[in-house]
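Chemist: Let me see the structure of the following:
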Amino acid sequence: MNVEETSLAGRVARYAALADPVRLRIMDLLTLGDAAPVELQTELGISSSLLAHHLNLLEREAMLIRTRSEADRRRTYLRLAPAAFDGLIPTPTLGVRRVVFVCTGNSARSQLAAALWHDASDVPVASAGTHPSDAIEPGALAAAERHGLTLRASRPRALPDVAEADDFLVTVCDTAHEELAGGGRLHWSVPDPVRAGTDAAFDAAFEDIASRIQSLAPRLTTTKG
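Modeler: Numbers count the residues shown, from 1 in each chain. Below is the predicted model:
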């Protein structure tokens with residue numbers, strides 16, 4: 001089998017994996033954010049065994065990636081593989097008043113996300129924490145500087161002091177997502193760079209968030225609140 005035939009066979013297998021209403025809906029739900037299997041089960045209204053069947057098939061075709069929650073190691077999250085759609089990705093747009101990125105301390109991931117979003121979109125942005133730290137992490141400040149980015153906030157802020165009812169919340173921390181019981185509009189399961197404390201960890205978080213924002217920003221437009 002030559003390269004073209006191998007590529008065609010792979011595309012056929014991926015189309016076949018998507019040729020089911022449930023599996024296609026799973027992929028749609030994961031287009032913008034990550035989800036735990038139990039969250040997908042609730043959204044889809046199907047049994048755990050049937051969900052497992054569909055997830056296993058999608059994972060077999062390298063369309064999904066499983067990661068373990070940093071907050072509860074018994075819990076896993078599902079995210080799209082980097083080339084899951086290859087030109088097939090849906091591009092709906094949604095009007096929002098403001099995007100608010102949320103993590104636990106509002107000291108690293110959510111701060112980086114807000115600064116990246118500010119440079120990528122005209123939609124207003126803010127960030128907050130479920131348990132705000134006393135100061136922004138030096139590692140986050142250094143990572144932003146290495147990438148030519150300026151963190152706009154001067155200090156972490158608490159979510160109740162920032163969020164409003166019509167905000168589009170994006171949790172970038174497993175702990176915050178689970179504390180809010182899925183109350184955010186989207187979840188990005190970004191590993192906590194503060195735990196490792198290395199430049200590499202902060203750069204990895206930066207690049208993960210930047211990639212996700214590049215995908216999300218064109219799909220949100222500004223509406224007046």
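Chemist: per-domain residue ranges of the chain.
Modeler: The record, using automatic domain parsing to delimit domains, assigns the chain the ranges 3-80, 94-222.
Chemist: Could I get the average pLDDT for the last one?
Modeler: On average, the pLDDT along domain 94-222 is 95.
Chemist: repeat for the first one
Modeler: Average pLDDT, domain 3-80: 90.
Chemist: Can you read off the backbone torsions of residue 193?
Modeler: The phi/psi pair for residue 193 (degrees, to the nearest 10) reads phi -70, psi -20.
Chemist: I'd say it and residue 199 touch.
Modeler: No - using C-beta atoms under 8 Å, residue 193 makes no contact with residue 199, being 9.1 Å away. The C-beta positions use only the backbone N, C-alpha and C, and glycine is treated the same way.
Chemist: Please say which of the two ends up with more neighbours.
Modeler: Comparing residue 193 with residue 199 by other C-beta atoms under 10 Å, the one with more neighbours is residue 193, at 24 against 13.
Chemist: What does the nearest residue to the more buried one once chain neighbours are set aside show for phi and psi?
Modeler: Closest residue to residue 193 apart from its sequence neighbours, by C-beta to C-beta, 6 or more residues apart in numbering: residue 201 at 3.9 Å. Taking degrees, to the nearest 10, you get phi -70, psi -40 for the backbone angles of residue 201.
Chemist: Settle this for me: residue 201 is touching residue 208, isn't it.
Modeler: No - counting by C-beta under 8 Å, residue 201 does not reach residue 208; the two are 10.7 Å apart.
Chemist: Mind listing the shared neighbours of those two?
Modeler: Common neighbours of residue 201 and residue 208, using C-beta atoms under 8 Å, 6 or more residues apart in numbering, are residue 191.
Chemist: Please save the CA atoms from stretch 151-163 in CSV.
Modeler: Presented in CSV, the C-alpha positions along stretch 151-163 are these (Å, rounded to 0.1, in the frame of the first residue of the first chain):
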residue,chain,number,x,y,z
LEU,A,151,0.1,40.3,31.7
ARG,A,152,-2.6,43.0,32.1
ALA,A,153,-3.8,42.3,35.7
SER,A,154,-1.8,43.6,38.7
ARG,A,155,-3.1,41.0,41.1
PRO,A,156,-5.3,37.9,41.3
ARG,A,157,-9.0,38.5,41.8
ALA,A,158,-11.9,36.3,43.2
LEU,A,159,-14.4,35.0,40.7
PRO,A,160,-17.5,36.5,42.6
ASP,A,161,-15.8,39.9,42.3
VAL,A,162,-15.3,39.6,38.5
ALA,A,163,-18.0,37.4,36.9
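Chemist: Only the buried residues of that stretch, if you could.
Modeler: For stretch 151-163, burial by neighbour count (16 or more other C-beta atoms under 10 Å) applies to 151, 153, 156-157, 159, 162-163.
Chemist: I'd like to know which of the residues you listed are part of helices.
Modeler: Among the buried residues of stretch 151-163, the members found in helices (DSSP state H) are 159, 162.
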